[in-house]
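Visitor: Have a look; sequence and predicted model below, questions after that.
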Amino acid sequence: MIKNRRVGVMGGTFDPIHNGHLVAASEVAAKYALDEVVFVPTGKPWQKASRTVTGAEHRYLMTVIATASNPQFTVSRVDVDRPGPTYTIDTLRDLRGYYRDAELFFITGADAVEQIISWKDSNELFDLAHFVGVTRPGHDLESSGIDDHHLSLLEIPALAISSTDCRSRVADGQPVWYLVPDGVVQYISKYALYRSDNA
Ligand SMILES: Nc1ncnc2c1ncn2[C@@H]1O[C@H](COP(=O)(O)OP(=O)(O)OP(=O)(O)O)[C@@H](O)[C@H]1O
Ligand SMILES: O=C(O)c1ccc[n+]([C@@H]2O[C@H](COP(=O)([O-])O)[C@@H](O)[C@H]2O)c1
């Protein structure tokens, strides 16, 4: 008998993708015996509207580069290709159409767990996926009133890395080696992303 696939969904703006994202996905994959983790870069992240977000194609390509060496990791364009603001309810509906019989696990850091209740159609999200909240330095990991049938909490190795910090390091001429995968360092340099003269 073929068992149903267990698929993790790692959504993020990934501006740029960093090792904190990759460790979160790897840890949840191991803990929940996932067959695959699909990374889903956002198209237009409406809760980041207060700053200029790097173009979706750059963020998508950096995500492909960062995940290429892991046979369990894939990248989806569903959010990049859907017009309008990115809502996880649409992400999960689109992925459900593709991964028909799979069990979906949506992976979020502690900061995002706090926000889920503010997401579009938040009550319906839990019918489409089980949510897994992971620890993140600087944030308390709490269930934020979400039922434990819908949300599990997982402690992972602490990596105090954020995309904001990576962007400001590049703008200041500081290295991001070993905070982001090597290919992403080279991609940022090749396209002169995040430079202060480019902001
Ligand atoms: N260091 C980390 N440890 C655990 N989870 C993380 C870490 N960094 C990001 N995440 C989680 O990954 C998902 C996508 O995050 P996102 O792409 O917004 O990165 P970010 O570092 O939070 O970006 P920014 O600094 O631009 O807000 C979110 O669920 C976030 O909580
Ligand atoms: O559905 C929403 O309303 C919603 C609001 C904010 C964030 N999200 C999702 O949460 C994930 C992390 O988002 P971000 O903005 O922290 O990179 C990503 O998959 C977003 O699409 C979803």
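Guide: Structure's in. What do you need? Ligands and ions are numbered 1, 2, ... in the order given.

Visitor: and residue 197, how many neighbours does it have?
Guide: The local packing of residue 197 (other C-beta atoms under 10 Å) involves 6 other residues. C-beta coordinates here come from the backbone N, C-alpha and C atoms, glycine included.

Visitor: Over to residue 110?
Guide: Burial of residue 110 is recorded as 18 neighbouring residues (other C-beta under 10 Å).

Visitor: Same question for residue 176.
Guide: Residue 176 has 19 neighbours, counted by other C-beta under 10 Å.

Visitor: Look up the pLDDT of it for me, please.
Guide: At residue 176, the model reports a pLDDT of 98.

Visitor: Going by neighbour count, list what's buried in stretch 187-199.
Guide: Using 16 or more other C-beta atoms under 10 Å as the test for burial, stretch 187-199 gives 187, 188, 193, 194.

Visitor: now, which of those residues sits nearest ligand 1?
Guide: residue 194 (11.0 Å; C-beta to the nearest ligand atom).

Visitor: Nearest spatial neighbour of the closest one, chain-adjacent residues omitted?
Guide: Among residues not flanking residue 194 along the chain, residue 170 sits closest, at 3.8 Å (C-beta to C-beta, 6 or more residues apart in numbering).

Visitor: roughly how far apart are that neighbour and residue 188?
Guide: As judged by C-beta to C-beta, to the nearest Å, residue 170 and residue 188 stand 6 Å apart.

Visitor: Likewise for residue 24?
Guide: Per C-beta to C-beta, residue 24 is found 21 Å from residue 188.

Visitor: do the same with residue 180
Guide: 8 Å.

Visitor: Can you pull the residues of the protein lying near ligand 1?
Guide: Listed as neighbours of ligand 1 in the chain under the rule C-beta under 6 Å from any ligand atom: 12-15, 20-21, 24, 108-109, 111-112, 134, 136, 159, 161-164.

Visitor: Now do the SS call for whichever residue of the chain sits closest to ligand 2.
Guide: Residue of the chain nearest ligand 2, by C-beta to the nearest ligand atom: residue 11 (2.0 Å). Of the three states, residue 11 takes strand under DSSP: H, G, I helix; E, B strand; the rest coil.

Visitor: who's in contact with it?
Guide: 39, 40, 42, 79, 88, 91, 106, 107, 108 (C-beta atoms under 8 Å, 6 or more residues apart in numbering).

Visitor: switch the cut-off to 10 Å
Guide: With contact set as C-beta atoms under 10 Å, 6 or more residues apart in numbering, residue 11 has these partners: 38-42, 45, 76, 78-79, 86, 88, 91-92, 95, 106-108, 112.

Visitor: Now do it, the pLDDT please.
Guide: Looking at residue 11, the pLDDT reads 98.

Visitor: now do residue 98
Guide: The per-residue pLDDT reported for residue 98 equals 95.

Visitor: That one touches residue 40, doesn't it?
Guide: No - the criterion here is C-beta atoms under 10 Å, and residue 98 misses it with residue 40 at 11.3 Å.
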